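Student: The sequence and its predicted three-dimensional model are supplied below.
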Amino acid sequence: MSTAAAWPTFVSKLKDRKEVAERTIAFRFEKPSGWGFKAGQFIDMTLLDPSETDSEGNTRGFSIASGPHEETLLVTTRMRDTAFKRVIKTMPIGTAVKIEGPFGDLTLPNNASRAIVFLAGGIGITPFRSMLVRAATEKLPHHIFLFYSNRRPEDAPFLEELQILERENPNYNLIASMTEMEKSHRSWDGETGVINQEMLTKHLKDAGSPIYYIAGPPAMVKGLHEMLHKAGVDDDDIRIEEFAGY
């Protein structure tokens, strides 16, 4: 039997959708009874009989943004002008899609003795949202630092929720940074500029020798990976997930 044949596949209906940042929409789907996943994993979603299609096809991979305990399956995406995204943005509530998975091993370690450092850019926050919700709900002992980079607060999915989670979980520290505040209509008293070694050093003084997780656009992931290498971090202590073509 092939590995693919063993992957769970099911049909799920859209329950709700809402904008969680400018040009970014979160979609909630039914989660079937008995189906589970680990926080940080992803699924493949296929549109069934869509009203239009294009050369990019009818299937997309999405990190699961919901926590394993949540009643619905949450995926989130930046909106681009593709057939897939035009269809998912406008299809009626109750429309069915095919879901395969879960896949992936970008998950929290069982051993909580070392700090965890999440480095996220934009929509790369989705697997980390799942893990942070799980950590808060289960009161996990993992000490987690989230460095979250966006152009403006308006572009940052789940920013307010992540700030609330920080107040609820004493083991979690949020370091959000904005790179283009001159284009924002909101006030901001957090970090500014891209995530760099100086920012990490400033906030990780008590982190010991952490494990790093990087998720975001390929160029950002590559840059952060190289930065960690230059700082002497071994690849064994770096987990990566690229969000290409989102």
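Tutor: Happy to help now that I have it.

Student: Met131 belongs to a helix?
Tutor: Yes. The assignment for Met131 is a helix, going by DSSP: H, G, I helix; E, B strand; the rest coil.

Student: ok, it - how many residues close by?
Tutor: A total of 24 residues lie near Met131 under the criterion other C-beta atoms under 10 Å. Glycine gets a C-beta too; all of them are placed from N, C-alpha and C.

Student: could you say what helices and strands the longest strand seen in the chain packs with?
Tutor: Longest among the strand segments of the chain by residue count, using DSSP state E, is strand 9-21. Applying 3 or more C-beta pairs under 8 Å, 6 or more residues apart in numbering; DSSP states H and E, one finds that strand 9-21 contacts strand 24-30, strand 72-78, strand 96-103.

Student: mind checking which of those is nearest Glu160?
Tutor: strand 24-30 (13.0 Å; C-beta to C-beta).

Student: ok, which stretches of this structure are helices?
Tutor: 83-90, 126-138, 159-168, 197-203, 218-230 (DSSP state H).

Student: How about Tyr172, nearest residue that isn't a chain neighbour?
Tutor: Excluding the flanking residues, the one nearest Tyr172 by C-beta to C-beta, 6 or more residues apart in numbering is Ile144, at 4.8 Å.

Student: so of the helices of the chain, which one's packed in deepest?
Tutor: helix 126-138 (a mean of 23; mean count of other C-beta atoms under 10 Å).

Student: contacting residues around it?
Tutor: Helix 126-138 has contacts (C-beta atoms under 8 Å, 6 or more residues apart in numbering) with 39-42, 62-70, 75-76, 106-108, 118, 120, 140, 142, 144, 146, 157-158, 161-162, 165, 168-169, 171-172, 213, 215, 241.
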